[in-house]
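1. Build me a model:
(one chain, ligands or ions: 1)
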Amino acid sequence: MTTLTVHEISKTLGGSAVLDNVSLVIPTGTRTALVGASGSGKTTLLRLIAGFSRPDRGTIALDDTVVSGRDVFLPAHRRGVGYVPQDGALFPHLTVEQNIRFGLRHAQRGSTRIAEVAELVALPLELLRRFPHEISGGQQQRVAVARALAPAPKMIVLDEPFSALDTSLREHSRLAVIAALEASDATAVLVTHDQDEALMFGHQIGVLADGLLLQHGHPSAVFDKPVTAEVAAFLGDAVFLTARIDDSTAITAFGAVAIRHRASVAGSRVMLRPEQLSVRTDGAANGVVRAIRPRGASSYIEIEALGGGERVTVSVFAAESECRVGDEVSVVIRGTVVSY
Ligand SMILES: Nc1ncnc2c1ncn2[C@@H]1O[C@H](COP(=O)(O)OP(=O)(O)OP(=O)(O)O)[C@@H](O)[C@H]1O
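-> Next comes the predicted model:
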């Protein structure tokens, strides 16, 4: 187990700043997900951590040992960091067992370690004799994780390991890999562009945009109190409403609502999640139904505030929907909001 300290890292590639003054501490034995849009710098940061590339400025330390700094650079093979690339990158001409064995030092190769790590990633032992093309994509990814875990690294980094998998396989593989990481005690960093994956991965989430680490912290803290509207929108569907901010209350076109976090001092809008909205046909009307869009079990109802301007889309259980276009209804906001 190792604590990773990334301190004021900057990196320019092809003449453009790809990472700008990024600092992050990943405590020993914890799991951190780095999330961000395509091109935000996630893979570059992971490569710097693994030791495949050198930062222009700043330092990277594993515990008290600086592995990247002004006059120091420990290459990947001397860092003891396990690496799981995006496509798994298994050797096609080697069996599953030989692939996993490849990650082991000579002395460990005859040991029971292969069966141990196969079990750790929930890989049935009968698959050990097969070649990569004879197992599923999800199993291949787990072999790649097993290969990286085999030498018991103190730290493991994973670059979008589930991105090529379809939804159900991805969920299954994710859970198996998280359980394996938990059991291994390795400090882990996962790069993903999938918000749900990032939020469920572990102890910390870091949100990158254009080379800047916009926010990092416990997943629920970042989700509940996003520092900017950009972070809020990146982590899930977000509804923004113009509001008059009055101390700890926001007055919106759909009523007053309590503020749980003021991200800016002089805010003029609030953010809430679509799940916080519901619609009632009794009660004081504050909106008019402009469109109804059926979507299987649910229907999306577009509602415009009375007096015009603001619009929200509310998801309702289709069988219970009594609304028609033109009806006046009451939009109710549950819970609390963040103001910007
Ligand atoms: N070797 C390189 N030379 C020049 N530019 C590069 C190089 N590698 C990456 N970049 C650029 O740096 C930026 C960040 O790339 P990076 O791969 O770190 O992003 P990412 O967040 O991992 O994206 P994705 O989710 O698409 O993999 C991009 O604009 C990319 O085009």
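2. Just give the closest residue to residue 68, not the sequence neighbours.
-> residue 60 (4.1 Å; C-beta to C-beta, 6 or more residues apart in numbering). (Glycine included, C-beta is placed from N, CA and C.)
3. what about that neighbour, how many neighbours?
-> Using other C-beta atoms under 10 Å as the criterion, residue 60 is surrounded by 26 other residues.
4. Report the contact partners of whichever residue of the stretch 101-250 of the chain sits closest to the ligand.
-> Nearest residue of the stretch 101-250 of the chain to the ligand (C-beta to the nearest ligand atom) works out as residue 193 at 4.9 Å. Residues counted as contacts of residue 193 (C-beta atoms under 8 Å, 6 or more residues apart in numbering) are 35, 36, 37, 38, 42, 160, 163.
5. Apply 10 Å and report the result again.
-> Contacts of residue 193 were listed using C-beta atoms under 10 Å, 6 or more residues apart in numbering, and they are 34, 35, 36, 37, 38, 40, 42, 160, 163, 234.
6. Using ChimeraX, make a named selection holding only the buried ones among those.
-> Listed next is the ChimeraX selection for buried residues among the contacts of residue 193, using 16 or more other C-beta atoms under 10 Å:
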select :34,35,36,40,42,160,234
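7. What pLDDT is listed against the residue lying closest to residue 195 once chain neighbours are set aside?
-> Computed as C-beta to C-beta, 6+ apart, the closest residue to residue 195 that is not its neighbour in sequence is residue 235, at 5.2 Å. Note for residue 235: predicted pLDDT of 93.
8. Quick check: residue 235 touching residue 228?
-> No. Contact criterion C-beta atoms under 10 Å: residue 235 and residue 228 do not qualify, at 11.0 Å.
9. Which residue of these two possesses the greater neighbour count?
-> Between residue 235 and residue 228, counted using other C-beta under 10 Å, residue 235 has the larger neighbour count: 22 against 16.
10. Which residues of the stretch 201-340 of the chain lie near the ligand?
-> Contact residues, the stretch 201-340 of the chain versus the ligand (C-beta under 6 Å from any ligand atom): none.
11. I'd like to know how far residue 280 sits from residue 273.
-> For residue 280, the distance to residue 273 (C-beta to C-beta, to the nearest Å) stands at 19 Å.
12. Look at these two and report which has more neighbours.
-> residue 273 (16 against 13).
13. ok, back up a step: ok, now which ones touch the residue nearest to residue 68?
-> 4-7, 9, 24, 45, 48-51, 54, 66-69, 72-74, 79.
14. Filter these down to the buried ones and hand me the PyMOL line.
-> Selecting only the buried entries of the contacts of residue 60 in PyMOL, with 16+ other C-beta under 10 Å as the criterion:
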select buried, resi 4+5+6+7+9+24+45+48+49+50+51+66+67+68+69+74+79
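15. Go ahead and flag the most central residue of this protein.
-> residue 198 (2.0 Å; C-alpha atoms, centre = their mean).
16. what's next to whichever strand or helix holds that residue, contact-wise?
-> Assigning secondary structure by DSSP states H and E places residue 198 in helix 195-201. With C-beta under 10 Å, 6+ apart as the test, helix 195-201 has contacts from 31-36, 158, 160-163, 170-171, 174-175, 177-178, 181, 188-192, 194, 204-207, 219-220, 222-223, 234-237.
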